[in-house]
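Trainee: The following block contains a protein sequence and its predicted model.
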Amino acid sequence: MRFAFLIFLLLPVAGQVYVSMRTWQLLPAVPALRIAAVVVMALAFVAFFVAMSGVINRWPMGLARVTYEVGTSWLIILLYLFLAFLFLDVMRLCRVVQSAALHENGRLAAGLAITLVALFTYAYYHYNDKKRVEMTITTTKDIGKDLKLVLVSDLHLGYHNTRGDLHRWIAKLKAENPDAILIGGDLIDGSYRPVEEENMAAEFRALHIPVLACLGNHDYYTGLSADMKFCKDAGIRVLRDEAASFDKLGNITIVGRDDRTNGQRKALSEILRGVDKSRFLLELDHQPYHLEEAEKNGVDFEFAGHTHYGQVWPISWITDAVYEDAFGPLVKGRTHYYVSSGLGIWGAKFRIGTQSEYLVLHIRK
């Protein structure tokens, strides 16, 4: 664990040093310009670690929000600058690009800057363009009536995803007129302070639609007592290693798993002991590990999140390598799955090669 943390820390530091060095070389030989560029990048880099430390919880809200936004945004921009300079260095080693072209080249520096501005402007607007995904499951089980559910994950409410954002999201979900809204974990990003000060719970109370949720790892990072207080104030029913039925949802049982962060969470087989499996079983489990458990225990549909599908390419390739299903639908035996890339996002509000989404699920006889 310590080794993994050390690698996690050293990689961005190494990337920052590499990008700063290459930026210095690429810019025209104007000391003030070079120094200003490297210092601004260094401050943005430090802002990320300051934001993650939690010290911003004691700062004025505006300053805390800017620090969080700048720091987390820079981490993604740094990734793409690293990839750009790495590509140029590979081209130089292959003698496709002359070494001199990567030194004191104002045109190349300007072209790179314009390209990045265009890319991240697109990425920001793409993040805010929430995609409606529709899915239909037919079942031979007696569900009483056809159901329409809206499922979302990874809201990450906090300094970056504000009450204004939540208001717009909820308007979209409410417009679907679903029988219920199900949340697959990570309601709060990590700090309860902005959620409380903006009274975000009021947005859920105004829904007048049943809302059920399971917990995610960030809900634990927030602090379980604070997270549960928010859910109580919002009127959200949290299922922690339990199965529940609701008259409005007919013959369907909702199973909510506690997050894997809790090493003492119950096995799915234990949760389902005594549960009538002739009813349609829908499971909420934030992290999509061990998908075979749902299949073995007769679950009809499992909904998960957590992966964000990497948020930006090429991190999505990493999630594909880590998870059996990092994003989208999957069928194993008679069990259907959907892993969502999330309605909200952690950190920078950028989507490149991925999407922010909500799932409209129809369950029909």
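Mentor: Sure thing, it's come through.
Trainee: And for stretch 55-68, what's in contact with it?
Mentor: By Cβ atoms under 8 Å, 6 or more residues apart in numbering, the residues outside stretch 55-68 that reach it are 47, 50, 51, 158, 159, 160, 191, 193, 194, 197. (Each C-beta comes from the backbone N, C-alpha and C, glycine too.)
Trainee: which of those count as buried?
Mentor: 47, 50, 51, 158, 159, 160, 191, 193, 194 (16 or more other Cβ atoms under 10 Å).
Trainee: Return the distance of the last one relative to residue 270.
Mentor: Yep, that's residue 194 we're talking about. Using Cβ to Cβ, to the nearest Å, residue 194 is found at 37 Å from residue 270.
Trainee: before we move on, what about the fifth one?
Mentor: Separation of residue 159 from residue 270 (Cβ to Cβ) stands at 38 Å.
Trainee: for stretch 357-365, which positions count as buried?
Mentor: In stretch 357-365, the ones that count as buried by 16+ other Cβ under 10 Å are 357, 358, 359, 360, 361, 363.
Trainee: May I see the contacts of stretch 55-68 organised as JSON lines, with pLDDT and secondary structure added?
Mentor: Shown next, in JSON lines, are the contacts of stretch 55-68 (pLDDT from 0 to 100; DSSP: H, G, I helix; E, B strand; the rest coil):
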{"residue": "47", "pLDDT": "98", "secondary structure": "helix"}
{"residue": "50", "pLDDT": "97", "secondary structure": "helix"}
{"residue": "51", "pLDDT": "97", "secondary structure": "helix"}
{"residue": "158", "pLDDT": "98", "secondary structure": "coil"}
{"residue": "159", "pLDDT": "98", "secondary structure": "coil"}
{"residue": "160", "pLDDT": "97", "secondary structure": "coil"}
{"residue": "191", "pLDDT": "96", "secondary structure": "coil"}
{"residue": "193", "pLDDT": "97", "secondary structure": "helix"}
{"residue": "194", "pLDDT": "98", "secondary structure": "helix"}
{"residue": "197", "pLDDT": "97", "secondary structure": "helix"}
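Trainee: Going by distance to residue 128, which of these wins?
Mentor: Using Cβ to Cβ, residue 160 comes nearest to residue 128 of these, at 11.8 Å.
Trainee: wait, isn't residue 103 in contact with residue 25?
Mentor: Yes: with contact defined as Cβ atoms under 8 Å, residue 103 and residue 25 form a contacting pair (5.2 Å).
Trainee: what's the nearest residue to residue 294 if we skip its chain neighbours?
Mentor: Distance criterion Cβ to Cβ, 6 or more residues apart in numbering; nearest residue to residue 294, sequence neighbours excluded, is residue 302 at 4.4 Å.
Trainee: and what of residue 50?
Mentor: residue 67 (5.9 Å).
Trainee: Could you pull up the mean pLDDT of whatever helix or strand that neighbour lives in?
Mentor: Per DSSP states H and E, residue 67 falls inside helix 61-93. Summarised as a single mean, pLDDT over helix 61-93 is 97.
Trainee: how far off helix 61-93 does the helix or strand just after it point, in degrees?
Mentor: Using DSSP H and E, the helix or strand that follows helix 61-93 towards the C-terminus is helix 106-128. For helix 106-128 against helix 61-93, the angle by axes from the mean of the first three to the mean of the last three Cα atoms, to 10 degrees is 130 degrees.
Trainee: Counting by contacts, list what the next helix or strand after helix 106-128 packs against.
Mentor: Note on helix 106-128: by DSSP H and E, the next helix or strand toward the C-terminus is strand 131-138. Contact analysis of strand 131-138 by 3 or more Cβ pairs under 8 Å, 6 or more residues apart in numbering; DSSP states H and E lists strand 357-364 as its packing neighbours.
Trainee: Thought residue 186 was touching residue 214, still the case?
Mentor: No: with contact defined as Cβ under 8 Å, residue 214 does not count as touching residue 186 (9.8 Å).
Trainee: how about the helices in this structure?
Mentor: Remark: helices assigned in the chain by DSSP state H are 2-26, 31-53, 61-93, 106-128, 163-175, 192-197, 201-205, 217-222, 224-234, 268-271, 292-296, 315-322.
Trainee: Pick the most deeply packed of the ones you listed.
Mentor: Per residue and on average, the most neighbours among the helices of the chain fall to helix 217-222, with a mean of 21 (mean count of other Cβ atoms under 10 Å).
Trainee: Now find how far off-centre that one is within its chain.
Mentor: Taking Cα atoms, centre = their mean, to the nearest Å, one finds the center of helix 217-222 at 13 Å from the center of the full chain.
Trainee: contact partners of that helix?
Mentor: For helix 217-222, the surrounding residues in contact (Cβ under 8 Å, 6+ apart) are 156, 185-192, 227, 259-262, 286-287, 306, 346.
Trainee: model confidence over that helix, on average?
Mentor: Regarding helix 217-222, the rounded mean pLDDT is 96.
Trainee: Specify the stretch among the helices of the chain that is closest to residue 351.
Mentor: Short answer: helix 106-128, nearest of those by Cβ to Cβ, at 4.2 Å.
Trainee: Restrict that closest one to CA atoms and write it as PDB.
Mentor: Backbone C-alpha positions of helix 106-128 (Å, rounded to 0.1, in the frame of the first residue of the first chain) are rendered in PDB as follows:
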ATOM      1  CA  GLY A 106       7.100  30.500 -30.300                       C
ATOM      2  CA  ARG A 107       4.900  29.200 -33.100                       C
ATOM      3  CA  LEU A 108       4.900  25.700 -31.800                       C
ATOM      4  CA  ALA A 109       4.300  26.900 -28.300                       C
ATOM      5  CA  ALA A 110       1.300  29.000 -29.400                       C
ATOM      6  CA  GLY A 111      -0.100  26.200 -31.500                       C
ATOM      7  CA  LEU A 112       0.100  23.800 -28.600                       C
ATOM      8  CA  ALA A 113      -1.500  26.300 -26.300                       C
ATOM      9  CA  ILE A 114      -4.400  27.000 -28.700                       C
ATOM     10  CA  THR A 115      -4.900  23.200 -29.200                       C
ATOM     11  CA  LEU A 116      -5.100  22.600 -25.500                       C
ATOM     12  CA  VAL A 117      -7.500  25.600 -25.000                       C
ATOM     13  CA  ALA A 118      -9.800  24.200 -27.700                       C
ATOM     14  CA  LEU A 119      -9.600  20.600 -26.400                       C
ATOM     15  CA  PHE A 120     -10.400  21.500 -22.800                       C
ATOM     16  CA  THR A 121     -13.200  24.000 -23.800                       C
ATOM     17  CA  TYR A 122     -14.800  21.000 -25.600                       C
ATOM     18  CA  ALA A 123     -14.100  18.700 -22.700                       C
ATOM     19  CA  TYR A 124     -15.900  21.100 -20.300                       C
ATOM     20  CA  TYR A 125     -19.000  21.500 -22.400                       C
ATOM     21  CA  HIS A 126     -19.000  17.800 -23.100                       C
ATOM     22  CA  TYR A 127     -19.000  17.100 -19.400                       C
ATOM     23  CA  ASN A 128     -22.000  19.300 -18.900                       C
END
